[in-house]
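# The following comprises the amino acid sequence and a computationally predicted model.
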Amino acid sequence: MKRWASQKAAREARIEVGSRHARGKVVALTELRDFMEAVLQPADRVCLEGDNQKQADILAGALADVDPRKIHDLHMVQSGVVLPEHLDIFEKGIARRLDYSYSGPQAARIARLLFGGHIKLGAVHTYLELFARYFVDLTPNVALIAAVSADADGNLYTGPNTEDTPTIVEATSFKGGLVIAQVKEIVDKVPRVDIPGDQVHFVVETGRPFYVEPLFTRDPAAITETQILTAMLAIKGIYAPYGVRRLNHGIGFNTAAIELLLPTYGGKLGLKGKVCTHWALNPHPTLIPAIEAGWVEQIHCFGSEVGMEDYVAARSDIFFTGPDGSLRSNRAFCQTAGLYACDMFIGSTLQIDLEGHSSTVTATRIAGFGGAPNMGSDPHGRRHPSEPWLMAGAEADPDTPTPLRRGRKLVVQIGETFGEKNEPLFVERLEALLLSDKLDLELAPIMVYGDDVTHIVTEEGIANLLLCRGRDEREQAVRGVAGYTDVGRGRDRKMVERLRERGVIRRPEDLGIDPRDADRRMLAAHSIKDLMLASGGLYRPPSRFRNW
């Protein structure tokens, strides 16, 4: 006879053996290794909370410390592979298979382990894609998560860095899985209940906060004049004509420059109230001057940012905050907002090919994508109109009757033609394809597909790919803004000039921009200290960003 509650029975068995190492729901640090070896089983599917910011670092260390003769061949399904311990478990044989989204600091090491056969790769996902699979075919047997505090019943307070936690817990707890949370402290009453205690089975009191990476902090002092020029081009050549009000900015100095030019250059263009009012965005410190100047009406966040807690709490009209005053972030909800509710994504990449495909994966670094493919894609399920969406759709498809014409989300790639270590941004063939050959992958790790990209911005100008008619025009539009890279030098100059005459390519002078005006004095803040002062002292930068 078939059993219909075997998953719940298996969880009850895990709880029973785990309880031998706990007092109620609370597991002491001294018991953590034995506890982990008791509740885990070989080949379990495990979600270790590794977001692109918040890390369940104590639980990661405990997992890396288990005996691989007892716990082995785990299948890790997690957003971020960020900490060394996240890869130690593969070197030790504790884990074998990996499905993830982002690897940032571990990009080079994860490449070595993949090439060395230590990791069997499932896929490099977007965030929403991985979250979706938690509810379909990658449901965790065990979830190891992080929160700020818990009470005796296991109610969790996640604070401003809620991030992935609700999604992970929902998928695990309601499908017979075990949820284990690390918290700084056990309290009598949590400030607000972010995760109900009946969804949490064990709690580990660590005595210190979980690790959080200040991933979105950019020091204005490091912004270059070339980045200021690309920002000016984006504001005047894209933000202004399309009237982009709902948007997402990717991580990088180019977008940080845009944020710092809004109150100055954007103000001179008369754009206040017309662009950049509603955001799906982490609380970027470089957005403080624009918020204080009244440009921003609302921001929903994927996660928080170190040092921005007090500022966010004091600006509840702008941010989503709880009754305790702290930010309520949620990566799954914000990714959905960025995908469907925003009219534009603008971000950077490491490589762009002749068709506009882009990737942050190179032959030696596998950084993953995070949410960029969700932000940077045209959602065919969208049905609500907006001016930028309709305008972009008309440019891409002028012949279809208006009532039947799809709009288009603006997907903009911005960067300098030569990046870090003088590596060219533009390439004939993405190194991601070399990686797929080496690992025999069925699908190359492309971050944003070329048919989703609408504009490319470099210091040489803007290529509006929506206006291209045919593959040849698209290739020459890409080459036309690729500067002195090999790709740029291979352009058909006559065709590029014809594209410029049609407005497919627009140089700075075509937009009335003098590159000599791209001066750091245009920035609304010139240092981290300036950002702190603009916040009225509410922004408290991490110590590594303080130079005063």
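Now that the structure is in, tell me what you want to look at. None of these values were measured; they are calculated from a predicted model. Numbering: from 1, shown residues only.
# Can I take it that V457 is in a strand?
Yes. Assessed by DSSP: H, G, I helix; E, B strand; the rest coil, V457 belongs to a strand.
# Surely E185 is in contact with S149?
Yes. Using Cβ atoms under 8 Å, E185 is in contact with S149, at 5.2 Å. No exception for glycine: its C-beta is placed from N, CA and C like everyone else's.
# So if I had to pick from the two, which one is more boxed in?
S149 (20 against 12; other Cβ atoms under 10 Å).
# for the chain, what helix or strand is lowest in average pLDDT?
helix 431-439 (a mean of 86; mean pLDDT, DSSP states H and E).
# burial of the spatially closest residue to G252 that is not a sequence neighbour, as a residue count?
Nearest residue to G252 in three dimensions, chain neighbours excluded: S348, at 4.1 Å (Cβ to Cβ, 6 or more residues apart in numbering). S348: 21 surrounding residues under other Cβ under 10 Å.
# gap between S348 and A313?
30 Å (Cβ to Cβ, to the nearest Å).
# now H526
26 Å.
# so what's the closest residue to H357 other than its chain neighbours up against?
Nearest non-adjacent residue to H357, counting by Cβ to Cβ, 6+ apart: G450, 4.4 Å away. Each residue near G450 by Cβ atoms under 8 Å, 6 or more residues apart in numbering is listed here: D353, E355, G356, H357, S358, L465, R474.
# so D378 touches R408, yeah?
Yes. Taking Cβ under 8 Å as the definition, D378 is a contact partner of R408 at 5.8 Å.
# What lies in contact with the longest helix along the chain?
Using DSSP state H to define each element, the chain has its longest helix at helix 6-19. Residues from elsewhere that reach helix 6-19 (Cβ under 8 Å, 6+ apart): R3, V27, F35, A38, V39, V142, K175, G176, G177, L178, H201, F202.
# Of those residues, which count as buried by neighbour count?
V27, F35, A38, V39, V142, G176, G177, L178, H201, F202 (16 or more other Cβ atoms under 10 Å).
# Now render those residues as a markdown table, adding distance to I258.
Putting the buried ones among the contacts of helix 6-19 into a markdown table (distance: Cβ to Cβ, whole Å) gives the following:
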| residue | distance to I258 |
| --- | --- |
| V27 | 46 |
| F35 | 48 |
| A38 | 52 |
| V39 | 47 |
| V142 | 42 |
| G176 | 47 |
| G177 | 42 |
| L178 | 44 |
| H201 | 45 |
| F202 | 45 |
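# Check these and tell me the two furthest apart.
V27 and G176 (20.4 Å; Cβ to Cβ).
# Among the buried ones among the contacts of helix 6-19, which ones are in strands?
Members of the buried ones among the contacts of helix 6-19 lying in strands (criterion: DSSP state E): V27, V142, L178, F202.
# of all those residues, which comes closest to L260?
Nearest member of those to L260, counting by Cβ to Cβ, is V142, at 43.7 Å.
# Tell me how far the closest one lies from A181.
12 Å.
# Quick check: buried residues in stretch 412-431?
Buried, per 16+ other Cβ under 10 Å, within stretch 412-431: 412-418, 424-427, 430-431.
# now, which of these sits nearest V82?
Minimum distance to V82 across the buried residues of stretch 412-431 is 22.1 Å, recorded for E431 (Cβ to Cβ).
# how about the helices in the stretch 151-300 of the chain?
165-173, 225-234, 240-242, 253-261, 267-268, 288-292 (DSSP state H, counting those that start in this stretch).
# which helices and strands does the third one pack with?
In this structure, helix 240-242 makes packing contacts with helix 387-396, judged by 3 or more Cβ pairs under 8 Å, 6 or more residues apart in numbering; DSSP states H and E.
# what residues does the helix it packs on touch?
Residues from elsewhere that reach helix 387-396 (Cβ under 8 Å, 6+ apart): 241-245, 343-344, 382, 402, 405-410, 454, 464, 466-467.
# If we use 10 Å, what do you get?
Here helix 387-396 makes contact (Cβ atoms under 10 Å, 6 or more residues apart in numbering) with 238-239, 241-247, 275, 342-344, 378, 382, 385-386, 400, 402, 405-411, 454-455, 464-468, 503.
# intersection of neighbour lists for E185 and S149?
E205.
# Now do the contacts for G159.
G159 neighbours (Cβ under 10 Å, 6+ apart): 54, 147-149, 184, 190-192, 194, 209-210, 212, 304, 309, 322, 324, 326-329.
# Now it. Its backbone dihedrals?
phi 70, psi -160 (degrees, to the nearest 10).
# Next one, pLDDT for it please.
If you check G159, the pLDDT there is 96.
# separation between it and T206?
For G159 relative to T206 (Cβ to Cβ), the value is 14 Å.
# Overlap in contacts, V142 and A181.
Among the neighbours of V142, those also in contact with A181 (Cβ under 10 Å, 6+ apart) are H201.
# where exactly do the helices run in the stretch 301-450 of the chain?
In the stretch 301-450 of the chain, helices defined by DSSP H, counting those that start in this stretch lie at 309-313, 331-340, 372-375, 387-396, 431-439, listed in chain order.
# Leaving out chain neighbours, which residue sits closest to L262?
A290 (4.3 Å).
# what number of residues lie near the one you found?
Other residues near A290 number 25, with proximity taken as other Cβ under 10 Å.
# in terms of contact, does it touch L523 like I think?
No. Using Cβ atoms under 10 Å, A290 is not in contact with L523, being 11.6 Å away.
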